[in-house]
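1. could you work out the structure for the sequence below:
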Amino acid sequence: MIPPAIRRLDTGSAPYDLWSLAVEDLAALPDCLSPAEKIQSQRFRHRRDHDRFLMRRLLVRHVLSLYAPLPPEAWEFTPNHFGRPELDPPVPSLAFNLTSSGNLALCAITTAGEIGVDLEDTHDDTQAALDLDLLVPGVLAPSERRSFDSLPPASRPAAFFRYWVLKESYAKARGLGLSLNVSQVAFPVEVPGLDEAGLALRATIPLALDPDPARWVFRTCRPTPCHIAAVAFRSRAFGRRRSLETFLLRATK
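-> This next block holds a predicted model:
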């Protein structure tokens, strides 16, 4: 059964699922943290960081149990070299990624390839705190910078958030985190209705950075009016895609 606190977002025909959990719904989820996670959660000095950790870990445990016959408390994780949590032991064909910002957490999951997701809170106070003069040179590619500079100043914070989540979703899908120079990856993001329509985007990625960039597909969405998210997905080069619906039989009962 799908816990009522966890919401499945509309991803259309995309070969992945996207699930969300809001901080106000944390109390409605059964506690399934491991002993190590409980200890880690107590080390956060700020309630905000504590709650975001709980959102991510409770969300992924409950969501994974919709796709494989394990209870939420049975999942074990290990961080990769860049800190991304991965299944230990791995489950064949199952990939996930987590993100949180503000009062919301997302879990992207697929059985068809590699996946990354990023989320940003776009409340007015968050946008007001952006130092675009500092951030833009290290984030945007030259082609993006030209498009960005042509925008009215009032439109630039929203555009920057869109660039940022797209680039971060790619870095997270690659498992590289902040070690990736995201200014090498360029997106055509000034498309009317992009977030609402869920249009598929392609990125310009140099071969030196990624030997097979053509298989990456990106989409943005707005899980809430005050959040923007992006998902990066790369299909497997070979093999037959396994249907998500096969994994979701128990989730839909």
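2. which residues sit in contact with His46?
-> By CB atoms under 8 Å, 6 or more residues apart in numbering, His46 lies in contact with nothing. Just so you know, the C-beta spots here come from the backbone N, C-alpha and C atoms, and that holds for glycine as well.
3. I'd like the distance between it and Arg52.
-> Distance, His46 to Arg52, using CB to CB, to the nearest Å: 10 Å.
4. likewise Thr78?
-> Distance from Thr78 to Arg52, by CB to CB: 20 Å.
5. more neighbours, these two?
-> Set Thr78 next to Arg52 and count neighbours by other CB atoms under 10 Å: Arg52 wins out with 20 against 11.
6. which SS state does that one fall under?
-> helix (DSSP: H, G, I helix; E, B strand; the rest coil).
7. again, but for Val63
-> helix.
8. what about Phe233, which SS state?
-> Per three-state DSSP, Phe233 ends up strand.
9. bridged to it, which residues?
-> Ile115, Val217 (DSSP bridges).
10. so what's it up against?
-> By CB under 8 Å, 6+ apart, the residues touching Phe233 are 14-16, 110, 112-115, 173, 216-219.
11. could you do Arg57 as well?
-> Contacts of Arg57 by CB under 8 Å, 6+ apart are 33, 37, 41.
12. now it: phi and psi?
-> When quoted as degrees, to the nearest 10, the phi and psi of Arg57 stand at phi -70, psi -40.
13. residue contacts, Ile228?
-> 119-120, 122, 158, 161-162, 165, 195, 220-222.
14. quick one, which of those residues are buried?
-> Buried residues within the contacts of Ile228, counting neighbours by 16 or more other CB atoms under 10 Å: 119-120, 122, 161-162, 165, 195, 220-221.
15. turn these into a markdown table, including pLDDT and distance to Leu94.
-> Putting those into a markdown table (pLDDT from 0 to 100; distance: CB to CB, whole Å) gives the following:
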| residue | pLDDT | distance to Leu94 |
| --- | --- | --- |
| Leu119 | 97 | 21 |
| Glu120 | 96 | 26 |
| Thr122 | 92 | 31 |
| Phe161 | 93 | 29 |
| Arg162 | 93 | 29 |
| Val165 | 96 | 23 |
| Asp195 | 69 | 27 |
| Thr220 | 93 | 24 |
| Cys221 | 94 | 22 |
